[in-house]
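Trainee: Predicted model, plus sequence, below.
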Amino acid sequence: MTDWTAGYIADVEYTYGYYAELNPLRVKLAFLNAGLACPAMGTACELGFGQGLSANLHAAASVTRWHGTDFNPSQAGYAQELAAVSGAQAQLFDEAFADFAARTDLPEFDYIGLHGIWSWISDENRATITDFLRRKLKVGGVLYISYNTQPGWAAFAPMRHLLTEHAATMGAPGDGIVRRVDDAIGFAGRLLATNPAYAKANPQVAERVKKLQSLDRHYLAHEYFNRDWHPMHFAQMVEWLEPAKLSFACSANYLDLIDGVNLTNEQQTFLKEIADPLFRESVRDFMVNVQFRKDYWVKGPRKLSALEQGEITRAQKFILTTHRPAVPLKMQGAVGEAALSAEIYGPILDALADHQPKTLGQIELAMRDHPAISFAHIVQSAIVLCSGGHLSAVQDDAVIAAARTHSSKLNAYLLDRARGSGDITYLASPVTGGGVAVGRFQQIFMVALKQGLEQPADWAKYAWQLLSEQRQTIVKDGVALDSAEQNVAELTGQALAFEATQLPVLRALGII
């Protein structure tokens, strides 16, 4: 009998994750920072879309025409359901990569995204994807790809192998993957308790195994227990993508674009002495001990002149997506926590505090009374705030207007689902062209508001009625709240905070 899974975990569904890096709108700031031209994103494709949440949020919240495939029919079926709800006409299939790549009805793409899947497939599938990129990514088009990489996985790779070997050989024949994952992690804990020499040589492994115990078992099954699992050096990725005529553009992880929080001065000086930019990336990976790369590649990079770069950058529009007082003036990089200058970030955040879209050029004009804040400071602030999820790029007004209908339909469906489930915690914003994190209770408050309940106390009572009907209670600080009064009080506090801090942002983002 043919194994249609090709060794990939398929007996449990993947989590309902959303990955902002897949949003094509994010490409432009990273490319501008690298001095590269960015194409218009009319057509896009996601390979291995999981539950299809990212693909559908991006399709509903923009006018980009999305295509994609995921070989798991359960996941593809749900993705197709979301596409039908929004009416955004995303073409999502349940085909293996080879079958999808052979389709004759696919357009050429401006943008192709793969999140994580590259690490969990065979060399045969990688070759299929590389050929697909060669044939179907337009000249000037962008590839987003993320993958497990070395040297960050070097210490833990033997333990991952032991976990999968235990699941394959020690699990009972009738046990599902979740039970086998549990048993494998328990076994690893008992092994480490014997203080083996491997653990002495790699002391961080014990902490990572301990962390696994707290993670979602569906996530762990897909992340660690596939037959194919190949962390790849950056240089190997260069070799794989060379036949597709792709050139490395820059990191898609905005925080990576700020050397000061990831590298010491000595390390920065050392890297500057390396003339080859690709070898420099490999050396940098050793300095930060990276485990997971998120990168943009381009088919035919075009360098911008300094004049073009400055003019296009000033025209980029952004919106503050976090309540101004809640934006922390610190960031965590590879070299530790770094404080953000209040003298620079304070005025910039104040200029954005009304949650109205503004271009970087408009912010530059607003900083005229702050001569210490240069345009370079403003650009770096935008990168830093975007990396923390506090700032987002904004689409053109015409695109926002065109996307409202589809995003509203998808959001209505997701809000209705939140009444009985907390597995999807994102909604679509036509302003940012992507997903925005909104917790389950906050989604329920939005349902109550749409039903005409205007006071936070009433939202809380509505939420508690739903929860109590489903025999659910709130867990606070690890403890379940027993009485109705305790639950309503907690929900009321959350509703008041939602009204004061998150609701104005969601309105500015076109979500409500």
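Mentor: On my side now, so go ahead.
Trainee: Now do the strands in the stretch 351-500 of the chain.
Mentor: For the stretch 351-500 of the chain, the strands identified by DSSP state E, counting those that start in this stretch occupy 358-359, 391-393, 426-429, 434-437, 475-476, 479-480, in order along the chain.
Trainee: Near residue 297, how many other residues are there?
Mentor: Applying other Cβ atoms under 10 Å, we find 24 residues neighbouring residue 297. C-beta: built from backbone N, CA, C; applies to glycine.
Trainee: Apologies, that question was intended for residue 398.
Mentor: Residues contacting residue 398 under the criterion other Cβ under 10 Å number 9.
Trainee: Off-centre distance for stretch 145-160?
Mentor: Its chain's average C-alpha position is 19 Å from that of stretch 145-160, according to Cα atoms, centre = their mean, to the nearest Å.
Trainee: hang on, the earlier thing: do you know which of the strands of the stretch 351-500 of the chain lies nearest residue 171?
Mentor: Comparing these by their distance to residue 171 (Cβ to Cβ), the top pick is strand 475-476, with 30.5 Å.
Trainee: For the chain, which strand extends over the most residues?
Mentor: strand 137-148 (DSSP state E).
Trainee: Nearest spatial neighbour of residue 73, chain-adjacent residues omitted?
Mentor: Nearest non-adjacent residue to residue 73, counting by Cβ to Cβ, 6 or more residues apart in numbering: residue 94, 4.5 Å away.
Trainee: before we move on, what about residue 323?
Mentor: In space, and not counting its chain neighbours, residue 323 is closest to residue 501: 3.9 Å by Cβ to Cβ, 6+ apart.
Trainee: Confirm that the one you found sits in a helix.
Mentor: Yes. If the criterion is DSSP: H, G, I helix; E, B strand; the rest coil, then residue 501 is within a helix.
Trainee: Surely it touches residue 324?
Mentor: No. Using Cβ atoms under 8 Å, residue 501 makes no contact with residue 324, being 9.3 Å away.
Trainee: What separation is there between residue 114 and residue 295?
Mentor: Residue 114 sits 10 Å away from residue 295, taking Cβ to Cβ, to the nearest Å as the criterion.
Trainee: Apologies, that question was intended for residue 396.
Mentor: Distance from residue 396 to residue 295, counting by Cβ to Cβ: 27 Å.
Trainee: between the two, who's got more neighbours?
Mentor: Between residue 396 and residue 295, counting by other Cβ under 10 Å, residue 295 is the more crowded of the two (23 against 10).
Trainee: Using the three-state scheme, assign the more buried one.
Mentor: Classification of residue 295 by three-state DSSP places it in strand.
Trainee: Which residues are in contact with it?
Mentor: Listed by Cβ atoms under 8 Å, 6 or more residues apart in numbering, the contact set of residue 295 reads 144, 145, 146, 237, 248, 249, 250, 251, 252.
Trainee: Okay, and residue 207 sits in which element?
Mentor: Secondary structure from DSSP states H and E places residue 207 in helix 204-212.
Trainee: So what's the gap between that helix and the chain middle?
Mentor: Using Cα atoms, centre = their mean, the offset of helix 204-212 from its chain centre is 23 Å.
Trainee: Could you number the chain from 13 rather than 1 from now on?
Mentor: Got it, first residue is 13 now, which makes that one helix 216-224.
Trainee: list the helices and strands that helix packs on?
Mentor: helix 169-181, helix 189-205, helix 209-213 (3 or more Cβ pairs under 8 Å, 6 or more residues apart in numbering; DSSP states H and E).
Trainee: Give me the residues contacting the longest one.
Mentor: So the one you mean is helix 189-205. 21, 23-24, 171, 174-176, 178-179, 182-184, 187, 211, 217-218, 221-222, 224-225, 229-230, 232-233, 236-237.
Trainee: Whichever of the residues you listed end up buried, select them in PyMOL.
Mentor: Applying 16 or more other Cβ atoms under 10 Å to the contacts of helix 189-205 leaves a buried subset, and the PyMOL line that selects it is:
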select buried, resi 21+24+171+175+176+178+179+183+211+217+218+221+224+229+230+232+233+236+237
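Trainee: Contacts for stretch 488-502, please.
Mentor: Stretch 488-502 is contacted from outside by 472, 473, 476, 479, 480, 485, 486, 487, using Cβ under 8 Å, 6+ apart.
Trainee: and that stretch, how far apart are its ends?
Mentor: Taking Cα to Cα, to the nearest Å, stretch 488-502 runs 9 Å from one end to the other.
Trainee: and it, average pLDDT?
Mentor: The average pLDDT within stretch 488-502 is 92.
Trainee: Buried residues in that stretch, which are they?
Mentor: Those would be 493, 499, 500, 502, for stretch 488-502 by 16+ other Cβ under 10 Å.
Trainee: chain center to that stretch: distance?
Mentor: Per Cα atoms, centre = their mean, the displacement of stretch 488-502 from the mean C-alpha position of its chain is 32 Å.
Trainee: can you check stretch 94-108 too?
Mentor: Its chain's C-alpha centre and that of stretch 94-108 lie 20 Å apart, by Cα atoms, centre = their mean.
Trainee: Equivalent analysis for stretch 175-194, please.
Mentor: With Cα atoms, centre = their mean as the basis, stretch 175-194 stands 29 Å off its chain's centre.
Trainee: Same question for stretch 59-77.
Mentor: Here stretch 59-77 is found 12 Å from its chain centre; the criterion is Cα atoms, centre = their mean.
Trainee: So for it, first residue to last residue, what's the gap.
Mentor: Criterion Cα to Cα; first-to-last residue distance in stretch 59-77 is 14 Å.
Trainee: what's the answer for stretch 78-92, then?
Mentor: End-to-end distance (Cα to Cα), stretch 78-92: 12 Å.
Trainee: Stretch 517-524 now?
Mentor: Terminal residues of stretch 517-524 are spaced 9 Å apart (Cα to Cα).
Trainee: Just the buried residues of that stretch, please?
Mentor: Neighbour-count burial for stretch 517-524 [16+ other Cβ under 10 Å]: 517, 518, 520, 521, 522, 523, 524.
Trainee: and if you look at stretch 424-433?
Mentor: Residues of stretch 424-433 classed as buried by neighbour count (16+ other Cβ under 10 Å): 425, 426, 427, 430, 431.
Trainee: Tell me the confidence at residue 198?
Mentor: 88.
Trainee: How many neighbouring residues does it have?
Mentor: Counted with other Cβ under 10 Å, residues neighbouring residue 198 total 13.
Trainee: Report the separation between it and residue 182.
Mentor: Taken as Cβ to Cβ, the span from residue 198 to residue 182 is 11 Å.
Trainee: Please apply the same query to residue 32.
Mentor: Remark: distance between residue 32 and residue 182 (Cβ to Cβ) = 38 Å.
Trainee: ok, now residue 104?
Mentor: 37 Å.
Trainee: what separates residue 495 from residue 331, distance-wise?
Mentor: Separation of residue 495 from residue 331 (Cβ to Cβ): 41 Å.
Trainee: cool, residue 380 as well?
Mentor: 22 Å.
Trainee: who has more neighbours, these two?
Mentor: Neighbours per residue, other Cβ under 10 Å: of residue 380 and residue 331, the larger number sits with residue 331, 20 against 8.
Trainee: pLDDT below threshold where in the protein?
Mentor: Under the criterion pLDDT under 70, the flagged ranges of the chain are 13-26, 184-186.
Trainee: domain parsing for it?
Mentor: Domain assignment for the chain by automatic domain parsing gives 32-163+241-310, 169-236, 453-524.
Trainee: List the residues that contact residue 397.
Mentor: Counting by Cβ under 8 Å, 6+ apart, residue 397 touches 332, 339, 361, 403.
Trainee: Out of these, grab the one that's most surrounded.
Mentor: Highest neighbour count within these, by other Cβ under 10 Å: residue 403, with 25 neighbours.
Trainee: beta partners for that residue?
Mentor: Note on residue 403: beta-bridge partners residue 332, judged by DSSP bridges.
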